[in-house]
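Participant: quick check, what structure comes out for this input:
(5 chains)
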Amino acid sequence: MARNHKRKAIPKSAVFKHRRLTPPGTVPGTLVADPDSPAPNYWILQYGPEGFTENPEADLADVIGCINAYPITWINVEGLGDVEAIQQIGKAFKLHPLALEDVVSVHQRPKVDAYKDVLYVVARMPHPEAIPATEQVSFFLGSNFILTFQEGTPGDCFEPVRKRIREDSGRLRNGKPAYLLYALLDTLVDQFFPQLEFYADLLQNIEDRIISHRYAPVSTELYTIRRHLLLMHRIVRPLQDVIGALMREPLNVFDEETRFYLRDVFDHTTQLMDMLETYKDLAGHLMDMAASSASARMNEIMRFLTVMSSIFIPLTFIAGVYGMNFKLENSPLNMPELSWYYGYPLSLLMMAAVAIGLMLFFRHKGWLGVPESERWK
Amino acid sequence: MARNHKRKAIPKSAVFKHRRLTPPGTVPGTLVADPDSPAPNYWILQYGPEGFTENPEADLADVIGCINAYPITWINVEGLGDVEAIQQIGKAFKLHPLALEDVVSVHQRPKVDAYKDVLYVVARMPHPEAIPATEQVSFFLGSNFILTFQEGTPGDCFEPVRKRIREDSGRLRNGKPAYLLYALLDTLVDQFFPQLEFYADLLQNIEDRIISHRYAPVSTELYTIRRHLLLMHRIVRPLQDVIGALMREPLNVFDEETRFYLRDVFDHTTQLMDMLETYKDLAGHLMDMAASSASARMNEIMRFLTVMSSIFIPLTFIAGVYGMNFKLENSPLNMPELSWYYGYPLSLLMMAAVAIGLMLFFRHKGWLGVPESERWK
Amino acid sequence: MARNHKRKAIPKSAVFKHRRLTPPGTVPGTLVADPDSPAPNYWILQYGPEGFTENPEADLADVIGCINAYPITWINVEGLGDVEAIQQIGKAFKLHPLALEDVVSVHQRPKVDAYKDVLYVVARMPHPEAIPATEQVSFFLGSNFILTFQEGTPGDCFEPVRKRIREDSGRLRNGKPAYLLYALLDTLVDQFFPQLEFYADLLQNIEDRIISHRYAPVSTELYTIRRHLLLMHRIVRPLQDVIGALMREPLNVFDEETRFYLRDVFDHTTQLMDMLETYKDLAGHLMDMAASSASARMNEIMRFLTVMSSIFIPLTFIAGVYGMNFKLENSPLNMPELSWYYGYPLSLLMMAAVAIGLMLFFRHKGWLGVPESERWK
Amino acid sequence: MARNHKRKAIPKSAVFKHRRLTPPGTVPGTLVADPDSPAPNYWILQYGPEGFTENPEADLADVIGCINAYPITWINVEGLGDVEAIQQIGKAFKLHPLALEDVVSVHQRPKVDAYKDVLYVVARMPHPEAIPATEQVSFFLGSNFILTFQEGTPGDCFEPVRKRIREDSGRLRNGKPAYLLYALLDTLVDQFFPQLEFYADLLQNIEDRIISHRYAPVSTELYTIRRHLLLMHRIVRPLQDVIGALMREPLNVFDEETRFYLRDVFDHTTQLMDMLETYKDLAGHLMDMAASSASARMNEIMRFLTVMSSIFIPLTFIAGVYGMNFKLENSPLNMPELSWYYGYPLSLLMMAAVAIGLMLFFRHKGWLGVPESERWK
Amino acid sequence: MARNHKRKAIPKSAVFKHRRLTPPGTVPGTLVADPDSPAPNYWILQYGPEGFTENPEADLADVIGCINAYPITWINVEGLGDVEAIQQIGKAFKLHPLALEDVVSVHQRPKVDAYKDVLYVVARMPHPEAIPATEQVSFFLGSNFILTFQEGTPGDCFEPVRKRIREDSGRLRNGKPAYLLYALLDTLVDQFFPQLEFYADLLQNIEDRIISHRYAPVSTELYTIRRHLLLMHRIVRPLQDVIGALMREPLNVFDEETRFYLRDVFDHTTQLMDMLETYKDLAGHLMDMAASSASARMNEIMRFLTVMSSIFIPLTFIAGVYGMNFKLENSPLNMPELSWYYGYPLSLLMMAAVAIGLMLFFRHKGWLGVPESERWK
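Facilitator: Below is the predicted model of the structure:
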């Protein structure tokens, strides 16, 4: 738990910074690079049943010329800073300009677009290290290649897939590119679970704090969690549609067996949605409980003040009366009590009577708080 | 009621602990045992119209070799701690690796998957003793066998079905495995009713407490109940879909008569959903009423304080004035009241007049509380 | 209105007491009598175009032997205490065991099930006298008979139908059993209107009280009403589906003309749903208004306290200062005001100045309350 | 605006008074006149391309005999007090008894029923003068006539249609009865816009008051508006369905061109629904803002009290201490301060120090209110 | 950010001023000019693959005579003040009167109507300069022309399209009018993004303020934002339907390639809806957090008052007691403490004891506030 709290470096503008780079009215298909986007790094991984070759630091020429050397070529482009290069790759692999435009404008809603020879999928990938960060990944699936474009945060969640290709484990080396696409999407979807578990931990922690009456304020925390769940919902909801669309995809890009595996991924997105809905509801219920708890506590304090004040106010008044300076010497009616033999004890008795009377009244009204023994019955 | 409250040992992490055992990117079909999962216990129950044989403590070899001895074989595996054994069973009964993966990762959403020869159903079973606990049960329905895998909490809710098989009562002994599947699911679904009734009792109890103005705080309790209803909703909702899918199942696994009985189970899930929705709404309304009640009570206390303070504050001020030490000897203007003959009685009269005036004002404003006789008209 | 309030004997456990009589895992079709259920009373009413015969206190033998004497036989069974008798009737009229099980487990969701020769309808009937009570009614529609089973509360809402049969008014005597079923359902649905009007009266009454500022607390009442509306919603919603299903019923049980009348009943259920939704929304809005009203009133009281306190607190302080016993004789600096000629009048003036200054400040701030003349502009 | 507020004579029981006149179980088709319903007034308007004739005060014989004199006959019946006459008209024009029953039970949900020769439409008409009132209008569309029944509030919104018939403007005189039905429904739907604008004005006014901090309570007003919007929603929602059903009406009562115009009316109902939804949401948001505003204001007042009290309470205590009557003569320890040379000035200094210290503390805590210069940054 | 806040001149009546110009019952197709509507300005832009001609200040005769000079003619009418001219244009281009009526009544819901030769689209265009303002734009798409009518606010968002036509960039000059319609709608939809980003900035700013505890009230601001988001929702929701309807448009007005581009616009509207929903939810959550924050702060202040009062009230009472003027000379029982040797120090000690006791009690109760070191654990 403690470890998780260390990681709570949530980027503040995750929801609101959604700037479009192209002004309204731009020619469709215009590519504008985000000035903050890093220069691209090319990672070519080619394989077939017999073997594989890997070039994690290729250059643009390698990318354009590498195809057909192996049955399947996977080119991963990390960093979208070089619009020129992206356009050259687009030309080489016959990618549609509208799809390329979506690649560089990095706040796409996850979707799948079927072009003539190429299937285009956009999704957001949670980062395996920096918990709440996500980056856009675009997948182009051709007959013998897969092109993936990542925003450029160093590192990704595809390392296990690379390892499986290198080790010839599983059906990956013998599969078609569609199976590789499945494997990548499966990994990407599964990467959301640690993120959700992170928020589940936070919620659990808040719940514990409220129930154990540690009264640190939780509304800001809960707001931040709700906001991030909202954001994740906005990513996972269409992602589920994407997987569903791939399952029902009419062009037979996916064979029977792979569709089968896609159904498994779809089940995972359903589970994610289920958990997201549950956590959103729970966050709302926690908000209710926190408000109710804070108000119960406030009421308890106020009740104490009321009882204190209500008891001492008349006593102080009585003391004030006998503090008045009426002159007994000018009139026998002027506070004769002051010179009675039992004046002072009687006044104290009167005060005690008033106090006890009020206490009994409060007790009768049930304002002295619920006795421990009567609680929870 | 009292008995129920004894059972309120609600496992705290029921909602939030949803850990996946396999990291993202694992090869699909990899089985990872939960380290807390107990070693499996095998219970073989074989029967046909003519008789039955039962081995409640079989070993793995029995399980793999037992098939075909009777028309129908039901193997119940309790405890998922031995991944090796599960894989051997899977091989022997030709179960799909993805289904086996779901068997051991014990937080599946209820679902039904049709494989070639085998129908796979996942559900969660409420425990018949420990009220709010549930465990995952996987059903594999083959042509002449049913395999059930339970998480491993000792005991299950299938005992009445076993008894019916042993006693040859009803149509169970003459039915097909699909009818046994129906009987198991029927029992499992009916087991949710005592759970719901448990929460209904709690809600009823809270309602009684709020209405009878016993002011113990209820927000934490209501939160816990809402949380558990949410959790049950997340189980029953897809379970209803599972039963519905079985009813409309196109492969004719279920004959006409059994579909008929499934419709009955489906009605029960509908009723469960109905009750869940109602209880969720009621819990929300109770929250409203509790808040409103607490605030009404607070207001009553505050009103008392206000009236007390407002009456005594000016009186105390008057007393304070006549407690000032101005020297009458230095000037006839310095508090001549103090030496008047009727000074003290007059000052008391003035105080009484102020107090009565304020009381009348409050009464006019209706701040002295609603007289009992005017209530509820 | 007053008459209605007399009837407010709302059974407390209407929502929560939903006990199932059979434990999970019972053989389907097992009948278990509710121990509180009264012994059955049989009422046979047989009729045709030419005449009718009626036996309001028949015995079981009459019931089983009476059929075919007239074109249409309507047997009404009131009270489900004799499971034996119900099973005999079931055998005589060839009713399905699952349907009989639903007859005796009296918390069914309204539904319609088509069996081979018999149409089975379950609904809940509002009681014509005891306003918020309902009881389960089961209808079996055969080719020449209708069997109705009621839970057993004495009296029902079908008396007008019986009267119409006896008086040969309308098309009832010449119709088929399906028309009788329509007439019974029509009466049953219409019986919900007085119930809803009862709650409408309560809501109207609460609204009047809140608007006229009679401050009796309403949250408990509103909660009870919302709870009963929820309960009624849970009955009427599926009842509407039942009527809709009968309208679209494919077996031609209902002729064209009767479907026509069913559409009328369907319109009534739609109207009921409409009203239920409206009243539920209104109850929520009333809750809002009551909370807002209570808080406005509290604020007014608190404002008064604030103004009182804030004015008198500094005055009392000043009086306190001049009540200090510093000895002028020891030092000319020790409260020389006390011996000034105009000391006392000046101190009173100072107090008045402070009080007036504060009053002006509060008036400027608008804390003295909104003057009557400026309201509602 | 001011003019509108004059009109605010909202009938109180608009939502709750929904009494059915016939008891449950009445023979279908029974007409029962509302005892408050006025005697009918018949207005016959007959026209064709060549001319028109109008009899605004016809009698029952005129109504029954008038048909066929002109291509199109429009009979308007205002007032439903004479059940006999309605039954005679029903017989003469072959209207179905169920439809006639709906005519006199004046709280129908808007709907359209197709009978053999006659199309029956029920709707509610907003009154053009008395803003929030509506009355039920029934339309019977035959091959050469239209019959309209109004509840009987004097005046209706159809005057512009009559004028267009008299003036031979537009396509009305040459159209078929279906076009007249369109024209009447169009007028009726458009009549809802002034009603909605009335509520929009009220909401705008409330918004202005809240934003400008005129603190008259608004919750009752907002409740009333929400209630009326709910009521209007309940009328317009099914009215939209009615228009939609007429557009898709399969019997070719409406020709292509008229369907075209109906689409325009349908757009208007969509716009009404849009506005209703928006206003309902806004009323909810205004409720939130008002609550938030009232609570902010209360907090400001309470903060002032807190600061006042907290500063003066210790000062008064100090003054109280030096008002104690300990006798210096009995012991040099008994309040020697009272006889110090600088005793009084020092005590005043101490008080000032405490006050200033507390002020600084409050300022540090930010409890002295937000300085004007820092707001809204 | 600062720049945006300058622009916050939100027109107040955006939601509520929705006046219809024609009274109910007006002949359909009647054009009534809004008296505030400016006189029209005609801008003719004609082009084809070979070239273009532009007349930004044409007169009515130009408009009516210009067609057919180039393959495509785009006439933009800005200002709807001249009903006569609009009717002449309608006659010249064969526009349906109902469509023309919609052109001049400027609060249409976005929609698409297919007339015989002409496709009619209504939408609302955000103004590129004045952020929250929108104006109605009507598009008529004929075989060789596009007519656009704008409400008349000077300036529009179509300038980039004009530039692209002039510069012969992209496929615009070679496309059909349908492609021009796509380009205009694309620009219009994209123009909503800066508006949404404006509100996102405001929300971000409010969020920052609440989290950093700058306590300026935010409820009015949040209300205004929610209101505008509601308004934008009411525009974008049907706009999405319009684009969807154009995509599925059955008359083949759009060729395959253009439909492709329309899908891109549809994706943008989906993204807009997504963002609108998110911002609406966030605004609600911010409202919650602000309320919770304000109440937490109030509670902190109240707690301080309670502690202050509760400590000093008994102390002041004690001081008051010893300020009573009982005469020791009349009785040895009359406040002998006053003449004790250690009387004064003992009384001070007693006060200190009471104060410390209460402090310890409050500390035990946790009412002294959460120590900094225990927060957020």
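Participant: report the central residue of chain A.
Facilitator: Centroid-nearest residue in chain A: A:His228, 2.9 Å away (criterion: Cα atoms, centre = their mean).
Participant: which SSE is that residue in?
Facilitator: Assigned by DSSP states H and E, A:His228 belongs to helix A:219-247.
Participant: is the following helix or strand past that helix in proximity to chain D?
Facilitator: Moving toward the C-terminus from helix A:219-247, the next helix or strand (DSSP H and E) is helix A:256-322. No: applying Cβ under 8 Å from any Cβ of the partner chain, one finds helix A:256-322 separated from chain D by no less than 9.0 Å. C-beta here means a position set from N, CA and C on the backbone, and glycine is covered the same way.
Participant: near chain B, anything from helix A:256-322?
Facilitator: Yes: for helix A:256-322 and chain B, the contact criterion (Cβ under 8 Å from any Cβ) is met by A:260-261, A:263-264, A:267, A:270-271, A:274-275, A:278, A:281-282, A:285-286, A:288-289, A:292-293, A:295-296, A:299, A:302-303, A:305-306, A:309-310, A:313-314, A:316-317, A:320-321.
Participant: all helices for chain A, in order.
Facilitator: For chain A, the helices defined by DSSP state H occupy A:2-6, A:60-65, A:83-93, A:97-104, A:159-166, A:177-190, A:192-211, A:219-247, A:256-322, A:343-365.
Participant: among these, which comes closest to B:Gln108?
Facilitator: Among these, the nearest to B:Gln108 by Cβ to Cβ is helix A:256-322 (7.8 Å).
Participant: the closest one: how far from the chain's middle?
Facilitator: 19 Å (Cα atoms, centre = their mean, to the nearest Å).
Participant: tell me the angle of that helix relative to helix E:343-365?
Facilitator: 160 degrees (axes from the mean of the first three to the mean of the last three Cα atoms, to 10 degrees).
Participant: measure the nearest residue to the residue nearest to the centre of chain A once chain neighbours are set aside to chain E for me?
Facilitator: Of all residues not flanking A:His228 in the chain, A:Pro132 sits nearest, at 5.8 Å (Cβ to Cβ, 6 or more residues apart in numbering or on different chains). According to Cβ to the nearest Cβ, to the nearest Å, A:Pro132 stands 16 Å off from chain E.
Participant: assess the claim that A:Pro132 and A:Gln195 are in contact.
Facilitator: Yes: at 6.6 Å, A:Pro132 and A:Gln195 qualify as touching, with contact defined as Cβ atoms under 8 Å.
Participant: joint contacts of the two?
Facilitator: Counting by Cβ atoms under 8 Å, 6 or more residues apart in numbering or on different chains, no residue touches both A:Pro132 and A:Gln195.
Participant: tell me which helix or strand of chain A sits lowest on mean pLDDT?
Facilitator: None of the helices or strands of chain A scores lower by mean pLDDT, DSSP states H and E than helix A:2-6, at a mean of 36.
Participant: returning to what we had before: which of the helices of chain A is buried the deepest?
Facilitator: Each of the helices of chain A was scored by mean neighbour count; the highest is helix A:177-190, a mean of 23, by mean count of other Cβ atoms under 10 Å in any protein chain shown.
Participant: and the angle from it to helix A:256-322?
Facilitator: If you take the same axes, to 10 degrees, helix A:177-190 sits at 10 degrees to helix A:256-322.
Participant: which strands and helices sit next to helix A:177-190?
Facilitator: With contacts defined as 3 or more Cβ pairs under 8 Å, 6 or more residues apart in numbering or on different chains; DSSP states H and E, helix A:177-190 has these neighbours: strand A:72-78, strand A:119-126, strand A:134-141, strand A:145-150, helix A:159-166, helix A:219-247, helix A:256-322.
Participant: turn those into CSV, including mean pLDDT.
Facilitator: Shown next, in CSV, are these (pLDDT from 0 to 100):
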stretch, mean pLDDT
strand A:72-78, 94
strand A:119-126, 93
strand A:134-141, 93
strand A:145-150, 94
helix A:159-166, 90
helix A:219-247, 91
helix A:256-322, 87
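Participant: among those, which comes closest to E:Asp241?
Facilitator: E:Asp241 sits nearest to helix A:219-247 of all these, at 18.7 Å, using Cβ to Cβ.
Participant: closest residue of the stretch 101-250 of chain A to chain D?
Facilitator: Closest to chain D within the stretch 101-250 of chain A is A:Ser219: 14.4 Å, counting by Cβ to the nearest Cβ.
Participant: that residue touches A:Asp288, doesn't it?
Facilitator: No: using Cβ under 8 Å, A:Ser219 makes no contact with A:Asp288, being 11.4 Å away.
Participant: kindly state the beta-bridge partners for A:Glu54.
Facilitator: Bridge pairing for A:Glu54 (DSSP bridges) gives the partners A:Leu45.
Participant: contact partners for it?
Facilitator: Taking Cβ under 8 Å, 6+ apart, we find A:Glu54 in contact with A:43-46, A:162, A:166.
Participant: one more time with 10 Å
Facilitator: Counting by Cβ atoms under 10 Å, 6 or more residues apart in numbering or on different chains, A:Glu54 touches A:43-47, A:74, A:162, A:165-166.
Participant: just A:Val106 next, same as before
Facilitator: Applying Cβ under 10 Å, 6+ apart, we find A:Val106 in contact with A:18, A:21, A:34, A:37, A:80, A:122, A:124, A:135-138, A:149-152.
Participant: show me how far stretch A:159-170 is from its chain's centre.
Facilitator: The answer for stretch A:159-170 is 30 Å, by Cα atoms, centre = their mean.
Participant: CA atoms of it as CSV?
Facilitator: This file holds the C-alpha atoms of stretch A:159-170, laid out as CSV (Å, rounded to 0.1, in the frame of the first residue of the first chain):
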residue,chain,number,x,y,z
GLU,A,159,8.2,-6.2,-24.0
PRO,A,160,6.6,-9.6,-23.0
VAL,A,161,5.3,-10.0,-26.6
ARG,A,162,8.8,-9.3,-27.9
LYS,A,163,10.2,-11.9,-25.5
ARG,A,164,7.7,-14.5,-26.7
ILE,A,165,8.7,-13.9,-30.3
ARG,A,166,12.3,-14.3,-29.5
GLU,A,167,11.8,-17.4,-27.5
ASP,A,168,9.6,-19.0,-30.0
SER,A,169,7.1,-19.8,-27.2
GLY,A,170,3.4,-20.2,-27.9
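Participant: so which residue of the stretch 151-300 of chain A comes closest to chain B?
Facilitator: For the stretch 151-300 of chain A, Cβ to the nearest Cβ, closest residue to chain B: A:Pro160, 2.8 Å.
Participant: roughly how far apart are the closest residue to A:Ala92 other than its chain neighbours and A:Ile89?
Facilitator: Computed as Cβ to Cβ, 6+ apart, the closest residue to A:Ala92 that is not its neighbour in sequence is A:Ile64, at 4.5 Å. According to Cβ to Cβ, to the nearest Å, A:Ile64 stands 7 Å off from A:Ile89.
Participant: hey, what's in contact with both of those two?
Facilitator: Taking Cβ under 10 Å, 6+ apart as the contact rule, A:Ile64 and A:Ile89 both touch A:Ile75.
Participant: tell me who's in contact with A:Pro250.
Facilitator: By Cβ under 10 Å, 6+ apart, the neighbours of A:Pro250 are A:Ala114.
Participant: next, give phi and psi for it.
Facilitator: Backbone geometry at A:Pro250, expressed as degrees, to the nearest 10, gives phi -80, psi -10.
Participant: same question for the one 3 residues further on.
Facilitator: The phi and psi torsions at A:Val253 (degrees, to the nearest 10) take the values phi -70, psi -40.
Participant: confidence score at it?
Facilitator: Predicted confidence (pLDDT) for A:Val253: 81.
Participant: chain neighbours aside, what residue packs nearest to it?
Facilitator: Excluding its sequence neighbours, the residue lying closest to A:Val253 (Cβ to Cβ, 6+ apart) is A:Ala178, at 5.2 Å.
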